[in-house]
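# Have a look; sequence and predicted model below, questions after that.
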Amino acid sequence: MTRLDLELFFPPIPRRIARLLDLAYNLWWSWHPEAQSLYWQIDPDLWELVYHNPVRFLREVRQRRLDHAAGNPSYLQQFDSVLANFDAYMHSPEALPVPAPATSASPTEGETSTIAYFSAEFGLHESLPIYSGGLGILAGDLVKEASDMGVPLVAVGFLYPQGYFYQQIDAEGQQQAAYQKVHFADAPVIPARTPAGHEVVVGVELAGRMTYAKAYRIQVGRTPLFLMDTDIHPNSEQNRQLLARLYSGDQEMRLAQEIILGIGGVRVLRQLGFSPTTWHLNEGHAAFLVLELMRELVSQGIDTDRAMETVRSQVIFTSHTPMPTPHDAFPAELVKHYFWRYWPQLGMNYESFLNLARSDQNWEPIFSMTALALNLSSRCNGVSKLHSHVLREKWQWMYPDTSSDDVPITSISNGVHTASWLAPELRQIYDTYLGAGWETYLDDPDRWQRVADIPNDVLWSVRRRLRHTMVAFVREQVRQRYQRLEQTPAVWPVLEEDALSIGFARRFASYKRATLIFQDLERLKAILNRPGRPVQIIFAGKAHPADEAGKQFIRAIYQFSLQPGLAGRIVFLEEYDIAVGRELVKGVDVWLNTPRRPYEASGTSGQKACLNGVPTISVLDGWWPEAFNGRNGWAIGEEREFDDPEEQDRSDAQALYHLLEHEVIPMFYDQRDDGDVPNAWVSVCKEAILTVAPHFSTRRMLKDYVTQFYAI
Ligand SMILES: *Cc1c(COP(=O)(O)O)cnc(C)c1O
């Protein structure tokens, strides 16, 4: 679609600011607050109403408002400056030759991209609900970083028209899942086109029936992202719904989805004219792509073993799961039903085909996506040092003559996309104290040492302001919920502006132990209510709709939040998404993380918090053992696992209470200077920033992928 085609769908935008449309169709705006402000300023209420979605905004904004902006010199000045930055970014000299942006007049796809990155979810922005948690946020952050660094990467995934569910908590504390249809016309997506200008539709056989997927394109800065959807003619009604929602449906539906992701995804890239030299699997969901690459080679007359070797040399696998879980694997019977016409095309039989993905667990014969990915990749990593160690032990049986230390699974720790998660208020401070152009060096620890030069009162006053904004945000969310339920809250307002605020937001999987801090209710109440030293905790998070235990945790926390002694100090926020996450990681004072070690592969929310001067208090799991230095936050418990999970819970809860009572709270409230600045506390904030921001950034992470995996 060209810019002119697109304009047909929109109310006329004054020519002077017509490029608001270009900007809306490139997610570059999602990590540039000054670009978002170009829409926001025109109509702040509408901007909230359309949930920060520029495309919808432009469809719904009043002509009068646009005309007004187009005649406002100060608006135009900002407009010109943002657009100049955008153009410079898109055409900057270090840009490696990635395909032209979506809205330019003649998009040319080509042979230029070399790394294909496959993921079942991408968390780019709250207005595009095609992610569920950390795995997706990581993929979104990585794509943005690829764009910033000019790494020639092309990403492939799904466009779930109904996304992941929208969470509401009813009056009893039950999680209610609602699905809202995303209208493609309201999203920054356009149909993908082949070099010859045709729309891209691929066919994939699913248990004897041809199923078609159409590809859409999202431009993320300089990086293209192609997303498939099956809701098209002539698919059966059932298959049209196949990709409607993320992670819904039964095992067979998941298998069908993963076949489309892996096999359909390769076919999409081929139609577009891409010949990637490296294929990167973000988790095992996309591992069927290795079969399709093999099939291509075998169909050219290459024998099966050589095809396997070639494919292996081109594939990279990143695992995000600490333990092999049943939903990463499929029963052999089901796989047979879907693949019996496929394995002959690989020159294989049933037995050898199953052997590609055999898992040595004591379960029935199953086809493990992790085993498939390990077998057919040459480079594999876990997402923290601890996680990689756990993986080497779990999968050692696949490498019979190798000790677990030598199992070829290395570690590239996760990081976060700095510009997406940094509070604009702090960015200004960093601009001043880190020196101009610090973003160019954002993985350089020396540059970040300069954080020590920020005067304590300057940093503290920003931290306070950010907390106040967060409290206002939480109150508004809570107010809206009560209004919807037509109830009046028992305590109002909730939270205090100057109370020590602890944040806990994540998926409510059981191992994350969201209720750990409630083990000893009386002790907790005492901690929260000491005179002159109030403490409050803000919770948020979704449980998978089929996860009864996770939903039970939510109900429990919600019920606690109504109890005397906890009401007003414990809040459960609905609908944890990127927007809620952003408000919390920058607005609280401490970030709490209590997984049952070693189940947390990495975790990234604590990294986002540290970047904003919010230290973590965390179990030594995932990324934290690598980052904790005794001065940049707090470690709950010891670096060990327990045989008895209940004992582990008890021990960790005790350690957490002790830390809060004896270290965290006194440091926050006592030892304030004449200006009411807690200097010791601010030192921890600074240490958290300067130790975590450079290393746990996607800049460092993607450089690692490039030097260790992509460029060899
Ligand atoms: C960062 C983030 C996550 C992942 O954080 P964890 O620390 O792995 O739990 C999940 N969901 C959202 C919305 C996020 O922003």
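Arrived safely.
# Could you pick out the residues of this structure near the ligand for me?
Residues of the chain lying near the ligand by C-beta under 6 Å from any ligand atom: 133-134, 137, 506, 576-578, 581, 603-606, 608. All C-beta atoms are positioned from the backbone trio N, CA, C, and that covers glycine.
# Show me the chain divided up by domain.
Taking automatic domain parsing as the domain assignment, the ranges for the chain are 3-90, 115-414+704-710, 418-480+501-534+576-696.
# and the residues of the chain next to the ligand as JSON lines, adding secondary structure?
As requested, these are exported to JSON lines (DSSP: H, G, I helix; E, B strand; the rest coil):
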{"residue": "Gly133", "secondary structure": "coil"}
{"residue": "Gly134", "secondary structure": "helix"}
{"residue": "Ile137", "secondary structure": "helix"}
{"residue": "Arg506", "secondary structure": "coil"}
{"residue": "Tyr576", "secondary structure": "coil"}
{"residue": "Asp577", "secondary structure": "coil"}
{"residue": "Ile578", "secondary structure": "helix"}
{"residue": "Gly581", "secondary structure": "helix"}
{"residue": "Gly603", "secondary structure": "coil"}
{"residue": "Thr604", "secondary structure": "coil"}
{"residue": "Ser605", "secondary structure": "helix"}
{"residue": "Gly606", "secondary structure": "helix"}
{"residue": "Lys608", "secondary structure": "helix"}
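# Select from these the one having the most neighbours.
Gly606 (30 neighbours; other C-beta atoms under 10 Å).
# Can you lay out the domains of the chain as TSV showing distance to Phe560?
Shown next, in TSV, are these (distance: least, C-beta to C-beta, whole Å):
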stretch	distance to Phe560
domain 3-90	30
domain 115-414+704-710	9
domain 418-480+501-534+576-696	6
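# could those domains go into JSON lines alongside mean pLDDT?
Shown next, in JSON lines, are those (pLDDT from 0 to 100):
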{"stretch": "domain 3-90", "mean pLDDT": "94"}
{"stretch": "domain 115-414+704-710", "mean pLDDT": "93"}
{"stretch": "domain 418-480+501-534+576-696", "mean pLDDT": "96"}
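# for Arg555, phi and psi?
phi -60, psi -40 (degrees, to the nearest 10).
# Remind me which helix or strand the closest residue to it other than its chain neighbours belongs to.
Of all residues not flanking Arg555 in the chain, Gly173 sits nearest, at 4.0 Å (C-beta to C-beta, 6 or more residues apart in numbering). Counting by DSSP states H and E, no helix or strand carries Gly173.
# Surely Gly173 is in contact with Ile554?
Yes. Contact status for Gly173 versus Ile554: in contact at 6.6 Å, counting by C-beta atoms under 8 Å.
# Count the neighbours of Ala213 for me.
Going by other C-beta under 10 Å, the residues that sit close to Ala213 add up to 28.
# helix, strand or coil for the nearest residue to it once chain neighbours are set aside?
Using C-beta to C-beta, 6+ apart and skipping residues adjacent in sequence, the residue nearest Ala213 is Met228, 4.1 Å away. Under the three-state scheme (three-state DSSP), Met228 adopts strand.
# pretty sure Met228 is in contact with Tyr212, am I right?
No. Between Met228 and Tyr212 there is no contact under C-beta under 8 Å: 9.7 Å.
# OK, contacts around the residue in the stretch 401-550 of the chain positioned nearest to the ligand?
Per C-beta to the nearest ligand atom, Arg506 is where the stretch 401-550 of the chain lies closest to the ligand, at 3.4 Å. Taking C-beta atoms under 8 Å, 6 or more residues apart in numbering, we find Arg506 in contact with 133-134, 512, 514, 541, 576, 593, 603, 605.
# Quick check: phi and psi at it.
phi -170, psi 170.
# and the closest residue to Asn629 other than its chain neighbours, what element?
Spatial nearest neighbour of Asn629, excluding adjacent residues (C-beta to C-beta, 6+ apart): Thr691 at 6.1 Å. Using DSSP H and E, Thr691 falls within helix 679-692.
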